[in-house]
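Q: what shape does this take:
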Amino acid sequence: MARYELLNNMAHKDLRVVTRFGREFGDQVGMVPAFPTEYAELQREYPIFFRKEREGGEYQSVAMLGFDKQENLFLQGDHWNAAYLPGYVARGPFLIGFQEQWDEGELRKEPVIHVDLDHPRVSFDEGEPVFLPQGGHSPYLQHITTVLGGIHDGVEGGKAMFAAFESMGLIQPVKLEVKLDAEHGVDLTGLYGIDRERLAALEADKLHALHRWGFLEGAFLVLASMHNMRRLIAEKQRRLRLQAETGPT
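A: Numbers count the residues shown, from 1 in each chain. Below you'll find the predicted structure:
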């Protein structure tokens, strides 16, 4: 059960965040939300797919970490084996909320940082300090602020991007059937991707519209990310071989 509070340097002056990884922090998951603002970084290491939300049927993009709901092939002990950490993971116990504030006589909703004090990464004994002794933002919190800003912008921009892709028929179902070895295989359904042939066949005016809106690059980055399936397959095969040699752990 989450227990969110508005972050401030008085009530949370001794707050620290554990930044190592492991099952105890909820890192053993097969997919995490992905945001268009981080596609350029994600596509270097993670396959990016789309899936439909259960409520409303809207599309959301996700970064694939493994072939099972509780399999993260990037997790090795307490280390995350990738140069880029998805923003959803990097944010830790923090998220953006909104607070009503008066600005020049007008009531506005301003983004503010909240912290989940029941999050397993929250600590007062170990980890990265959130505030400096004098009360200023630590380098860690400055980084988190940047991460949260990217997530916020990605959520807002993603809605329009996914709607444009859908209206042009670019988002299509993907069926993943992978033979890992003589005894193991993967059969995943419920995922969607950018249809390369439909993208190539778009009329010039639609391509120009996607480019003008800033969405065309996103489509190509999602397509480029598919090359990372080879990395996931290779790591899964390595672990299966290791398991066969040493027995289940």
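
Q: strands of this structure, residue ranges please.
A: Ranges of strands within the chain are 4-6, 16-17, 31-33, 48-52, 59-64, 75-76, 79-80, 94-103, 106-116, 122-123, 128-129, 171-179, 185-194, based on DSSP state E.

Q: and the second one, which strands flank it?
A: Translated: strand 16-17. Here strand 16-17 is paired, per DSSP bridges, with strand 122-123 (antiparallel), strand 128-129 (antiparallel).

Q: okay, those in a markdown table with mean neighbour count, distance to residue 77 and mean pLDDT next?
A: Any C-beta I mention is one placed from the backbone N, CA and C, and that applies to glycine too. Listed next are those as a markdown table, based on neighbours: other CB atoms under 10 Å; distance: least, CB to CB, whole Å; pLDDT from 0 to 100:
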| stretch | mean neighbour count | distance to residue 77 | mean pLDDT |
| --- | --- | --- | --- |
| strand 122-123 | 18 | 19 | 96 |
| strand 128-129 | 16 | 19 | 97 |
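
Q: dump those strands to CSV, plus distance to residue 162.
A: Output for the strands paired with strand 16-17, formatted as CSV (distance: least, CB to CB, whole Å):
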stretch, distance to residue 162
strand 122-123, 33
strand 128-129, 34
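
Q: out of the ones you listed, flag the one nearest residue 192.
A: For these, distance to residue 192 was read as CB to CB. The smallest value, 34.9 Å, belongs to strand 122-123.

Q: do a quick rundown of the helices in this protein.
A: Remark: helices assigned in the chain by DSSP state H are 39-42, 87-90, 139-167, 196-200, 204-213, 216-225, 229-246.

Q: mean pLDDT for the strands of the chain: which is lowest?
A: Here the strands of the chain differ in mean pLDDT, and the lowest is strand 94-103 at a mean of 80.

Q: and the average pLDDT for stretch 230-249 is what?
A: Mean predicted confidence for stretch 230-249 is 87.

Q: how far off centre is that stretch?
A: 25 Å (CA atoms, centre = their mean, to the nearest Å).

Q: show me which positions of it end up buried.
A: In terms of neighbour count (16 or more other CB atoms under 10 Å), stretch 230-249 has its buried residues at 232, 233, 236.

Q: do the same with stretch 153-167
A: Buried residues in stretch 153-167, counted by 16+ other CB under 10 Å: 154, 157, 158, 161, 162, 164, 165.

Q: just the buried residues of stretch 230-249 now: which is nearest residue 180?
A: residue 236 (5.9 Å).

Q: my read: the closest one touches residue 73, true?
A: Yes. Between residue 236 and residue 73 there is a contact at 6.1 Å, judged by CB atoms under 8 Å.

Q: what do those two both touch?
A: Common contacts of residue 236 and residue 73 (CB atoms under 8 Å, 6 or more residues apart in numbering): 66, 67.

Q: redo the buried residues of stretch 153-167 as TSV? Include pLDDT and distance to residue 15.
A: Formatted as TSV, the buried residues of stretch 153-167 follow (pLDDT from 0 to 100; distance: CB to CB, whole Å):
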residue	pLDDT	distance to residue 15
154	95	26
157	91	31
158	95	30
161	97	35
162	97	35
164	97	40
165	97	40
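
Q: neighbouring contacts of stretch 111-126?
A: 1-7, 12, 14-19, 24-26, 92-99, 127, 130, 144-145, 148, 152.
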